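S.K.: predicted model, plus sequence, below.
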Amino acid sequence: MSFIITIFVLGVVVFVHELGHMLMAKRAGIGVLEFAVGMGPVVYSIKTEQTLYSLRCLPFGGFVKLAGLDEEDIEKVNLQPENSYYRKPVLSRFLTIVSGSLVNIFFGFIVYVLIFALTGVPEVTNTIEEVVADSPAFEAGLKKGDTILSVNGYPVLDTQKDLVEKISKSRDMSVLIEFRSEDQAVSQLSSRRIVPEDLYSSGEGKIGVYFRVKQKRFNPVYSLWLASKETVNTVKLVFVSLNMLINGKVGLNELAGPIGIIQIASYTLKKGFLSFLNIIAMISISLGVINLFPFPVLDGGHVVLLGIEAVRKKRLSKKLETMVNNTGASILIALMLFIIVNDVINWKDRIVFLKKILDF
């Protein structure tokens, strides 16, 4: 079921991308011959005066077919020549091309807003949820429900900075922990001296407790700000990943294609709806950014051709454009086949990796 839900949601991400192209094309007066969701044979379709809306059997991808990219299409559907893509100003065509990616980025932004405002984000509290047996905390008598209030006399205002980091830096050194138990009144405090140990061979001090996590929600205005920051960070992550790939810090075998994306998203769905929403937002924004890369066939490649046309005051020859696009398509298809095979080969290894970073 998680795979089915994941495929459906990823289909929504692609649908949003193509919808952006179509809406801007219609606004610019460019004829839209077909708006397709999915690939392969048509399962269901409905025809309006100028546009065929179709649902296809394979739930991957989709496309928008614009009038004028093939002159024969205009004649077949009886569209006016002025509705041709190439008859429109460069700016109108530019906006039509980039709108798919911009809508993807905006969609990811909206998902982040919903996360912060409705679902909330996990926040680690200073209340103990579990004590590891035979750990320093266990030996000191700490138990579930105890709230740690101070470390060496300094109050715990931020769990990560004032508690976790201080304990981590105090390996093999005695620290004074002041806490209050759930069954105690506010004024009744207890204290213990504990020596943090390197329990997990991490080189850091641990006392052997897991802290309680709660969901923290934000008001709508602040959620917009947080979502903006998260969107910018996701965009930056795309370029950081590309730089690591170019510099050889990560290999091609670590890339994830359609199968890998479905695997990762469906696995995060099992871990919780919040993790799943985060992955969907990242995928949508990443798809939008990558599509703007200046590579033939991608939206960014079309933008480059438009830029050349704007400078030259005329199009490149149709033959040259076709050659450039066919070359780019061949490279992308070869890369996609490699990544799909890589997804299959690394299926089990990726599961192990996901467990390491998502299981607690």
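M.R.: Sure thing, it's come through.

S.K.: where does the stretch 1-150 of the chain dip in pLDDT?
M.R.: Counting by pLDDT under 70, the stretch 1-150 of the chain contains low-confidence ranges at 1-7, 70-81.

S.K.: and the helices in it?
M.R.: Secondary structure of the stretch 1-150 of the chain by DSSP state H, counting those that start in this stretch: the helices cover 2-27, 71-77, 90-114, 136-140.

S.K.: list the helices and strands the longest one packs on?
M.R.: Right, the one you point to is helix 2-27. The elements that helix 2-27 packs onto, with contact taken as 3 or more C-beta pairs under 8 Å, 6 or more residues apart in numbering; DSSP states H and E, are strand 32-47, strand 52-66, helix 90-114, helix 258-271, helix 273-291. (C-beta placed from N, C-alpha, C; glycine too.)

S.K.: what residues sit buried inside that helix?
M.R.: For helix 2-27, a neighbour-count test (16 or more other C-beta atoms under 10 Å) marks 6-7, 9-11, 13-25 as buried.

S.K.: and the nearest residue to residue 83 once chain neighbours are set aside, how far from residue 68?
M.R.: Closest residue in space to residue 83, ignoring its immediate chain neighbours: residue 31 at 3.8 Å, by C-beta to C-beta, 6 or more residues apart in numbering. Residue 31 is 7 Å from residue 68, where distance means C-beta to C-beta, to the nearest Å.

S.K.: could you report the neighbour count for the residue nearest to residue 83?
M.R.: 22 (other C-beta atoms under 10 Å).

S.K.: what residue is smack in the middle of the chain?
M.R.: residue 282 (1.1 Å; C-alpha atoms, centre = their mean).

S.K.: contact partners for residue 172?
M.R.: Contact partners of residue 172, counting by C-beta atoms under 8 Å, 6 or more residues apart in numbering, are 195-198, 205.

S.K.: with distance to residue 334 as added columns, please give the helices of the stretch 1-150 of the chain in a markdown table.
M.R.: Shown next, in a markdown table, are the helices of the stretch 1-150 of the chain (distance: least, C-beta to C-beta, whole Å):
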| stretch | distance to residue 334 |
| --- | --- |
| helix 2-27 | 22 |
| helix 71-77 | 28 |
| helix 90-114 | 23 |
| helix 136-140 | 55 |
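
S.K.: out of those, which gets nearest to residue 120?
M.R.: The minimum distance between residue 120 and the helices of the stretch 1-150 of the chain falls on helix 90-114, with 10.3 Å, by C-beta to C-beta.

S.K.: domain parsing for this protein?
M.R.: Domains of the chain are assigned by automatic domain parsing as 2-28+88-118+224-358, 121-216.

S.K.: quick revisit: residue 234 is nearest to which of the helices and strands packed on helix 2-27?
M.R.: Nearest to residue 234, of the helices and strands packed on helix 2-27 and by C-beta to C-beta, is helix 273-291 at 4.5 Å.

S.K.: could you list the buried residues of that closest one?
M.R.: 275-291.

S.K.: ok and that helix relative to helix 90-114, angle-wise?
M.R.: 160 degrees (axes from the mean of the first three to the mean of the last three C-alpha atoms, to 10 degrees).

S.K.: now do the helix or strand that helix 273-291 is followed by and helix 90-114, the angle between them.
M.R.: Downstream of helix 273-291, the first helix or strand assigned by DSSP states H and E is helix 299-312. Calculated by the same axes, to 10 degrees, helix 299-312 forms an angle of 150 degrees with helix 90-114.

S.K.: can you show me the strands along the stretch 151-300 of the chain?
M.R.: Along the stretch 151-300 of the chain, counting by DSSP state E, counting those that start in this stretch, strands occupy 154-155, 175-180, 190-194, 209-216.

S.K.: okay, the ones you listed, which one's buried deepest?
M.R.: Highest mean neighbour count of those: strand 175-180, a mean of 19 (counted as mean count of other C-beta atoms under 10 Å).

S.K.: what average pLDDT does that strand get?
M.R.: Regarding strand 175-180, the rounded mean pLDDT is 90.

S.K.: repeat for stretch 315-325
M.R.: pLDDT averaged over stretch 315-325 gives 84.

S.K.: now that stretch: buried residues?
M.R.: By neighbour count on 16+ other C-beta under 10 Å, the buried set for stretch 315-325 is 321, 324.
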